[in-house]
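K.L.:
Model the following, please.
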Amino acid sequence: MALTNTSTAAGGLGRTIGDAVIAFNHVNVMYPLVTVKQAARGSNHVQFSDWTKLTSGNVSAATQATATTAVAITTAARTTTISEHVIESQVSDLVLMGSGDDVVGQAGPALGNAVSAKLDDDLVELGMEMPSA
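P.N.:
Residues are numbered from 1 along each chain as shown. Coordinates of the predicted model:
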């Protein structure tokens with residue numbers, strides 16, 4: 001059996017991508033926990049500032065006549081390299097017409113969930129590699 005025409009799903013790409021983004025935002029766990037920055041157009045690097053870590057131990061009680069100790073805050077530049085990951089799905093007319101489900105409507109959320117799971121996995125792995133201090 002030959003691959004059939006895929007014209008029935010034509011024009012649905014924007015909706016599918018939108019559905020994938022919505023699904024990604026609903027199910028992703030790690031994305032809200034990390035600092036996110038957009039790369040400049042054409043760049044494959046992003047730079048972040050790494051600030052001095054302050055803790056509750058840096059906060060002290062004070063009275064009106066007592067001077068407190070100042071805490072030095074320093075920064076260091078951290079450069080990250082962007083890596084690209086993709087997912088592709090092909091839906092033929094045969095699948096669309098032969099299924100009782102809304103294949104086009106369900107494809108976006110399925111793709112978004114897969115991308116979300118991949119990002120979660122990658123971020124957890126990065127977190128495991130970082131020193132705790």
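K.L.:
hey, where'd the helices end up in this protein?
P.N.:
13-27, 93-98, 103-129 (DSSP state H).
K.L.:
For the residue most central in space within the chain, which residues are in contact?
P.N.:
By CA atoms, centre = their mean, the chain has its centre lying nearest to Y31, at 4.7 Å. Contacts were defined as CB atoms under 8 Å, 6 or more residues apart in numbering; by that measure Y31 touches 24-25, 116, 119-120, 123. Using the backbone N, CA and C atoms, a C-beta is placed for each residue, glycine as well.
K.L.:
residue contacts, W51?
P.N.:
W51 sits in contact with 73-75, where contact means CB under 8 Å, 6+ apart.
K.L.:
Correction: the previous question concerned F48.
P.N.:
F48 makes contacts with 35, 37, 77-80, as judged by CB under 8 Å, 6+ apart.
K.L.:
same thing with V36?
P.N.:
V36 touches nothing, counting by CB under 8 Å, 6+ apart.
K.L.:
pLDDT at it, what is it?
P.N.:
Listed pLDDT for V36 reads 83.
K.L.:
and S49, which of the helices of the chain is closest to it?
P.N.:
Closest to S49 of these, according to CB to CB: helix 103-129, at 18.2 Å.
K.L.:
could you give the angle of the closest one to helix 13-27?
P.N.:
Per axes from the mean of the first three to the mean of the last three CA atoms, to 10 degrees, the angle that helix 103-129 makes with helix 13-27 is 40 degrees.
K.L.:
From the contacts of W51, which land in strands?
P.N.:
Members of the contacts of W51 lying in strands (criterion: DSSP state E): T75.
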